[in-house]
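J.: Curious how this folds, go ahead:
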Amino acid sequence: YIMDNYIGELYQSGTNSFYRAGNVGAILWYDPDSSKKTIPDERLTGYSPVLGEAIMREGNSVDDQTAMFHCGDNYGGHAHDDNGHFSIWYKGHLALDSGFYTGWSSDHLKNYAGRTVAHNTITVYKPGEVFDRTSHNDGGQQLTDSPDFYGDENMDNDYCDMNLYTTNDLDYINSDFTNSYKDDKVSKVTRQFIYFRPDKFIVFDRVESTQASYKKSYLLHSQNDMTIDNGEISFTDGNGKLFSKTLLPDDPEIVKIGGTNQEYTNAGTNYPINNPSVETTTGKYRAEISPPNDNLFDNFLHVMQTTDSNVNNMAVYELLESGNSIGAKIGDKVAMFSRTGESLSQMQYTFNSTMSTQNIITNLKSGYEYTVEDEGVEVESITANEYGVIEYSLPTGDHDVVIYEGDLQLCADISGANCIEGSCDNDYTNCNTQNAYCENSLSCCVGTCTEIMDCLPYEIEPCSECYENNEMASMVSDWTRGTITSENLLDYINVWKNC
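T.: Okay, the predicted model is just below:
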């Protein structure tokens with residue numbers, strides 16, 4: 001009876017239902033005699049699908065790395081328009097969530113802290129776009145803020161799909177937050193985020209707008225001023241430092257915003273916090289990174305590394321791309337993705353390394369077996385897991401890696417003549433240039449492949465199931481060589497009719 005009254009007093013002491021419920025928690029779960037607990041070292045990553053948040057750690061020490069990724073559905077007005085956002089801590093607040101909670105109706109919250117522009121995510125600027133709760137257009141997301149939300153259990157709040165794959169060595173997040181933006185300006189916004197423990201990150205984005213002129217920007221926030229040099233950004237906080245390099249788009253436009261009276265700007269208007277005691281972790285600078293040209297579809301690819309504040313250079317990095325395969329190497333870490341997002345039957349990449357490398361290949365077909373070849377020699381066969389991922393290590397040296405599904409073989413002796421599923425003409429223009437033809441499809445090297453094909457030398461006769469006889473095969477060979485002319489075309493037609 002006494003406890004019931006105490007709970008009642010706590011409930012009534014709150015200013016509204018939300019804070020009243022919070023007070024009740026103090027009596028239900030607080031135990032002053034409980035000993036201090038630590039998170040087990042073996043559990044490095046925590047993920048709440050309901051909140052749409054993943055916390056990724058190096059370990060339990062004070063100076064260990066920690067990263068956070070957010071991509072979730074909307075459960076009310078307290079949610080920020082920040083799907084796709086990540087934060088990174090190492091001996092200081094490095095990539096951070098900018099702004100501060102200054103009150104539900106404050107100008108700072110409505111126009112800056114709660115908006116997309118205050119977060120490390122993507123904006124797509126459509127002129128004239130109007131958002132709830134702010135008069136400014138930051139090109140950001142619009143999660144519902146309707147007062148009817150709490151009374152309508154059927155309201156559509158599906159704003160992000162997110163999957164997390166975690167091991168002791170890395171965390172891989174695959175997210176699609178297209179629905180966080182209005183559908184009259186974007187048709188695709190996805191982000192793949194990889195944390196390689198202890199100190200490296202790779203972030204890959206696909207952004208497709210409904211109009212090429214809608215400016216796309218990748219945002220990165222810092223507490224202190226940042227240095228920008230040839231697409232490489234660095235800044236410090238406390239004893240930590242973050243390096244970030246833009247590998248895509250090529251020749252990016254990078255604009256730095258921040259400093260006195262520009263700390264918390266949305267569309268040119270600053271919304272200050274006016275509370276110096278909290279402004280040590282509120283993010284006073286940001287970089288806006290954009291493609292140099294207008295396109296409907298763009299990729300953003302960034303590599304990042306945390307270091308001590310006195311380190312001058314980040315690990316060696318490299319862009320890796322071949323056709324629809326695209327990725328990055330930073331130090332001893334390699335990650336590959338599908339440029340456009342579809343699950344691939346084959347990937348290919350080339351690099352050199354002075355150290356052994358950890359490789360993660362994403363966007364493969366879940367449950368399918370893939371063969372990994374390096375310099376024409378099979379390394380191993382691996383089944384893609386439920387996330388469409390395979391992993392393997394490679395030694396030091398030169399590497400020409402080809403990954404393909406099942407038993408489909410490649411002609412390693414014909415340089416650049418492999419027919420790859422997707423748009424073959426991206427890389428291999430025409431088999432004729434390699435003295436080869438495609439076994440199952442005469443046009444797969446000049447158009448679009450529906451499956452992986454063998455590209456064979458001309459002197460090798462195709463199999464009987466591909467062509468009815470050798471005479472027809474010879475004619476096809478002549479056709480691909482361009483030796484059929486207007487004068488002999490009828491003769492060839494007659495031969496074809498007889499096959």
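J.: Please make it C-alpha for all contacts and neighbour counts, starting now.
T.: Will do.
J.: List the neighbouring strands of the one helix or strand I289 maps to plus their orientation.
T.: Secondary-structure element containing I289, defined by DSSP states H and E: strand 285-290. Each strand that pairs with strand 285-290, with its direction, by DSSP bridges: strand 215-222 (antiparallel), strand 253-258 (antiparallel).
J.: mean confidence for the shortest one?
T.: Taken as a whole, strand 253-258 has a mean pLDDT of 97.
J.: Partner strands of the following helix or strand past it and their direction?
T.: Next in sequence after strand 253-258, counting helices and strands by DSSP H and E, comes strand 265-266. In the sheet containing strand 265-266, its partner strands are strand 269-270 (antiparallel), by DSSP bridges.
J.: Give the rounded mean pLDDT of the strand it pairs with.
T.: In this model, strand 269-270 has an average pLDDT of 94.
J.: what's next to it, contact-wise?
T.: Taking C-alpha atoms under 8 Å, 6 or more residues apart in numbering as the criterion, the residues outside strand 269-270 that touch it are 261-264.
J.: got CSV for those, with distance to L344, pLDDT and neighbour count too?
T.: What follows is the contacts of strand 269-270, written out as CSV (distance: C-alpha to C-alpha, whole Å; pLDDT from 0 to 100; neighbours: other C-alpha atoms under 10 Å):
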residue, distance to L344, pLDDT, neighbour count
N261, 48, 94, 12
Q262, 44, 95, 16
E263, 43, 94, 22
Y264, 42, 95, 28
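J.: From the residues you listed, pick the one nearest A315.
T.: Of all the contacts of strand 269-270, E263 has the smallest distance to A315: 30.0 Å, by C-alpha to C-alpha.
J.: shouldn't that closest one be in contact with G283?
T.: Yes: taking contacts as C-alpha atoms under 8 Å, E263 lies within contact range of G283: 7.4 Å.
J.: where in the stretch 151-300 of the chain is pLDDT low?
T.: Per-residue confidence for the stretch 151-300 of the chain (pLDDT under 70) gives these ranges: 151-156.
J.: swap the cut-off to 90 and go again
T.: Scanning the stretch 151-300 of the chain for pLDDT under 90 picks out 151-159, 274-278.
J.: ok, the helix or strand where F300 lies: who's next to it in the sheet?
T.: In this assignment (DSSP H and E), F300 forms part of strand 297-308. Strand pairing for strand 297-308, using DSSP bridges, gives strand 200-209 (antiparallel), strand 240-248 (antiparallel).
J.: Now do the first one: distance to the chain's middle.
T.: In other words, strand 200-209. Using C-alpha atoms, centre = their mean, to the nearest Å, the mean C-alpha position of strand 200-209 is found 3 Å from that of the whole chain.
J.: cool, and stretch 202-221?
T.: The chain centroid and the centroid of stretch 202-221 are separated by 11 Å under C-alpha atoms, centre = their mean.
J.: in it, what counts as buried?
T.: Of the residues in stretch 202-221, those buried by neighbour count under the rule 16 or more other C-alpha atoms under 10 Å are 202-211, 214-221.
J.: go on, stretch 162-170?
T.: Applying a neighbour-count criterion of 16+ other C-alpha under 10 Å, one finds 162-165, 170 buried in stretch 162-170.
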